[in-house]
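Engineer: fold the following and give me the result.
(chains A, B, C and D)
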Number of protein chains: 2
Amino acid sequence: MTHGVRLSWKEVRDHIQSGILDRTYAPGDKLPRDADIAAKLGCARSTVQRAMNDLSEAGLVERKRKGGTHVRMDPVTRAVVDIPITRQEVEQRGRIYGYELLGKKICRPLREITGKLEDSEPKDMLRVKALHLADHRPHIYEDRWISIQSAPEILTVDLTRESANEWLVRNKPYTRCDLRFYAIPAHAEVAKVLEIEMGSALLVIERITWNGSKPITLVKAYTAPGYEILTSNYAGGLEK
Amino acid sequence: MTHGVRLSWKEVRDHIQSGILDRTYAPGDKLPRDADIAAKLGCARSTVQRAMNDLSEAGLVERKRKGGTHVRMDPVTRAVVDIPITRQEVEQRGRIYGYELLGKKICRPLREITGKLEDSEPKDMLRVKALHLADHRPHIYEDRWISIQSAPEILTVDLTRESANEWLVRNKPYTRCDLRFYAIPAHAEVAKVLEIEMGSALLVIERITWNGSKPITLVKAYTAPGYEILTSNYAGGLEK
DNA sequence: GACTTAATTATGTACATACATGTTCTCTAA
DNA sequence: TTAGAGAACATGTATGTACATAATTAAGTC
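Structural biologist: As a prediction, the model looks like this:
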């Protein structure tokens, strides 16, 4: 990696990982103790531990106190998804970003919504419908519910100029975020807004953000046909 | 967390994070140097660094040598997706897992496939079509291409008994894995296999695994209607 | 023999220190 | 004024040590 004089934890990690790849250590096998690996490679235990930590996070091995380190039997495919602000996502692809507010009103959330928010006593929320454009064509249609309790200031924001997406992400940081991806056929409303045929297959990104145990917002982002979510790789070569 | 006598790096992390949440440090702001935070909280710099590292991985802050640590302007929503082996996924929900091999033949990959594999000189691959069942009903239809060069042993495996999915994951560990999620309308073949109507909206999980720069396998997993991908949360409260 | 208790052991955490690595800033020379 | 060399600086990495924690194993007791 850098210079071989001192072993970096990434080198150690790669060493162990290649041991797993070439089946020196097969699934289920127990790896040597950190201290032994350290002695063998000639580095400190803490260096080995850092390497092991990374492999453990990546889902390649499992560690237990006293139990030692084992190669995982059923390695999961673990990946990281980054969902940027829509404007960024569009502009990064060199396309022109546009935004339109389609509707906004305060109303009682549907049962479907309150259920997801684990909200026992539903209160009025702000519902915002908006369209994100890429190169002047419909890109994402978002149907958003915002908790007025968690974000009362949203009522004073001019949502024709700034998207609720951006305002919230800049002004209402969250402690938790649940994502859900699924596909549905476009219903009439969505089809009209996205200018596609009814029944077209759409990828929906549903997101709920929380501050502690209080929900801030729930969005259903209906993406235009052809939309894809890509993942950056996690296991192993996370770093450059 | 544990006992307050010594400050754990998670406590430090939470402390800093709440500082960001309550806007003591707003987006774009510069945080104090690690050493200063350490002095203020009364812990070692390495403890602060570990905490910062976590926040940085979570996408909350950005760190640069000499530049210091800044709260990110455009916090990305970052989440971890775990894609388990299908059997596991089904059984974990308390349903009965089933598997059927639908077809298997060696053939020249389509141009569409070779393109994704960055394969200049396409060679014959093994194409395997299979159906995963949950409670005896179609769950996922997979259309898989396997590189015979990377995994020649696959030709000797009895794929009517063991799914290529499982065999590969246990016997051909990978160094990289690209995932792609998108929605398509069901075409005739898929519709028939999954026992749904043509044109139904399907969530497709496309996965390519690599060993170094050599592709091992490419799968298109057509999931039955209603299928969802959920994420475990990353930012902030990753640990219990 | 079954249960409880204690010793053992491998990983986990915290700390202090020394040095490496990039950035940024500053000072100097053309 | 500008370009370039170099100092200053904040984060990154590696190490050794001491102790904490959890899980297993062994010993001891009824």
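Engineer: can you give me the helices in chain A?
Structural biologist: A:9-21, A:34-41, A:45-57, A:86-92, A:111-116, A:164-171, A:188-194 (DSSP state H).
Engineer: list the buried ones in the second one?
Structural biologist: Looking back up the chat, that one is helix A:34-41. A:34, A:37, A:38, A:41 (16 or more other Cβ atoms under 10 Å in any protein chain shown). Where you see a C-beta, it was placed from the backbone N, CA and C, and this is true even at glycine.
Engineer: can you check the fourth one too?
Structural biologist: If you call a residue buried by 16+ other Cβ under 10 Å, then helix A:86-92 has these buried ones: A:86, A:87, A:89, A:90.
Engineer: please name every helix or strand in contact with that helix.
Structural biologist: Here helix A:86-92 touches strand A:97-107, strand A:125-134, strand A:137-147, helix A:164-171, going by 3 or more Cβ pairs under 8 Å, 6 or more residues apart in numbering or on different chains; DSSP states H and E.
Engineer: change it to 6 Å
Structural biologist: Identification of packing neighbours for helix A:86-92 by 3 or more Cβ pairs under 6 Å, 6 or more residues apart in numbering or on different chains; DSSP states H and E yields strand A:97-107.
Engineer: now do the strand it packs on and strand A:125-134, the angle between them.
Structural biologist: 170 degrees (axes from the mean of the first three to the mean of the last three Cα atoms, to 10 degrees).
Engineer: that older thread, let me know the closest of the buried residues of helix A:34-41 to DNA strand D.
Structural biologist: For the buried residues of helix A:34-41, the closest approach to DNA strand D (Cβ to the nearest atom of the strand) belongs to residue A:38, at 7.4 Å.
Engineer: touching, that closest one and residue A:46? I think so.
Structural biologist: No - counting by Cβ atoms under 6 Å, residue A:38 sits too far from residue A:46 to count as a contact (8.4 Å).
Engineer: hang on, the earlier thing: give me the subset of the buried residues of helix A:34-41 touching chain B.
Structural biologist: With Cβ under 6 Å from any Cβ of the partner chain as the criterion, these include none near chain B.
Engineer: identify the residue nearest the geometric centre of chain A.
Structural biologist: residue A:81 (4.4 Å; Cα atoms, centre = their mean).
Engineer: quick check: bridge partners of that one?
Structural biologist: residue B:79 (DSSP bridges).
Engineer: now it: how far from residue A:205?
Structural biologist: 10 Å (Cβ to Cβ, to the nearest Å).
Engineer: so residue A:180 touches residue A:206, yeah?
Structural biologist: Yes - if you go by Cβ under 6 Å, residue A:180 and residue A:206 touch, sitting 4.2 Å apart.
Engineer: more neighbours, these two?
Structural biologist: Neighbour count, other Cβ atoms under 10 Å in any protein chain shown: between residue A:180 and residue A:206, residue A:206 has more, with 18 against 15.
Engineer: that one against residue A:179, yeah?
Structural biologist: No - in this structure residue A:206 lies outside contact range of residue A:179 using Cβ under 6 Å: 7.2 Å.
Engineer: how about residue A:123, nearest residue that isn't a chain neighbour?
Structural biologist: residue A:149 (6.5 Å; Cβ to Cβ, 6 or more residues apart in numbering or on different chains).
Engineer: separation between that neighbour and residue A:122?
Structural biologist: Where residue A:122 is concerned, residue A:149 sits at a distance of 11 Å (Cβ to Cβ).
Engineer: and for residue A:111?
Structural biologist: Taken as Cβ to Cβ, the span from residue A:111 to residue A:122 is 8 Å.
Engineer: please identify which of the two sits among more neighbours.
Structural biologist: More neighbours surround residue A:122 than the other of residue A:111 and residue A:122, with 14 against 9 (other Cβ under 10 Å).
Engineer: so what's that one closest to, chain neighbours aside?
Structural biologist: Per Cβ to Cβ, 6+ apart, closest to residue A:122 is residue A:114, 4.4 Å.
Engineer: again with residue A:54
Structural biologist: residue A:13 (5.2 Å).
Engineer: and that neighbour, what's its pLDDT?
Structural biologist: pLDDT for residue A:13: 94.
Engineer: residue A:53 is in contact with that one, correct?
Structural biologist: No - using Cβ under 6 Å, residue A:13 makes no contact with residue A:53, being 8.9 Å away.
Engineer: among these two, which residue is more densely surrounded?
Structural biologist: residue A:13 (24 against 14).
Engineer: if I look at that one, how far off is residue A:58?
Structural biologist: From residue A:13 to residue A:58 the distance is 9 Å (Cβ to Cβ).
Engineer: pull the helix or strand with minimum mean pLDDT from chain A.
Structural biologist: strand A:232-233 (a mean of 66; mean pLDDT, DSSP states H and E).
Engineer: my read: residue A:90 touches residue A:134, true?
Structural biologist: Yes - the criterion here is Cβ under 6 Å, and residue A:90 meets it with residue A:134 at 4.6 Å.
Engineer: so residue A:35 sits against residue A:45, correct?
Structural biologist: Yes - if you go by Cβ under 6 Å, residue A:35 and residue A:45 touch, sitting 5.2 Å apart.
Engineer: next, count neighbours for the closest residue to DNA strand D within chain A.
Structural biologist: Here the residue of chain A nearest DNA strand D is residue A:8; by Cβ to the nearest atom of the strand that distance is 2.2 Å. Neighbourhood size, residue A:8 [other Cβ under 10 Å]: 16.
Engineer: tell me what residue A:128 is bridged to.
Structural biologist: residue A:104, residue A:144.
Engineer: spit out the contact partners of it.
Structural biologist: A:104, A:144, A:164 (Cβ atoms under 6 Å, 6 or more residues apart in numbering or on different chains).
Engineer: rerun that using 10 Å as the cut-off
Structural biologist: If you count contacts by Cβ atoms under 10 Å, 6 or more residues apart in numbering or on different chains, residue A:128 has them with A:101-105, A:142-146, A:154, A:159, A:163-165, A:217, A:219.
Engineer: need the per-residue pLDDT for it.
Structural biologist: For residue A:128, pLDDT reads 97.
Engineer: poorly predicted segments of chain A, please.
Structural biologist: A:1-5, A:233-240 (pLDDT under 70).
Engineer: mind doing that once more with 50?
Structural biologist: A:1-4, A:235-240 (pLDDT under 50).
Engineer: intersection of neighbour lists for residue A:81 and residue A:205?
Structural biologist: A:179, A:181, A:229, B:77, B:181, B:229.
Engineer: count the residues that sit near the fifth one.
Structural biologist: Meaning residue B:181. 23.
Engineer: could you measure from the nearest residue to residue A:171 once chain neighbours are set aside over to residue B:117?
Structural biologist: Once flanking residues are discounted, residue A:171 sits nearest to residue A:153: 7.1 Å by Cβ to Cβ, 6+ apart. Separation of residue A:153 from residue B:117 (Cβ to Cβ): 50 Å.
Engineer: tell me which parts of chain A are close to DNA strand D?
Structural biologist: A:6-11, A:42-47, A:50, A:64-67 (Cβ under 7 Å from any atom of the strand).
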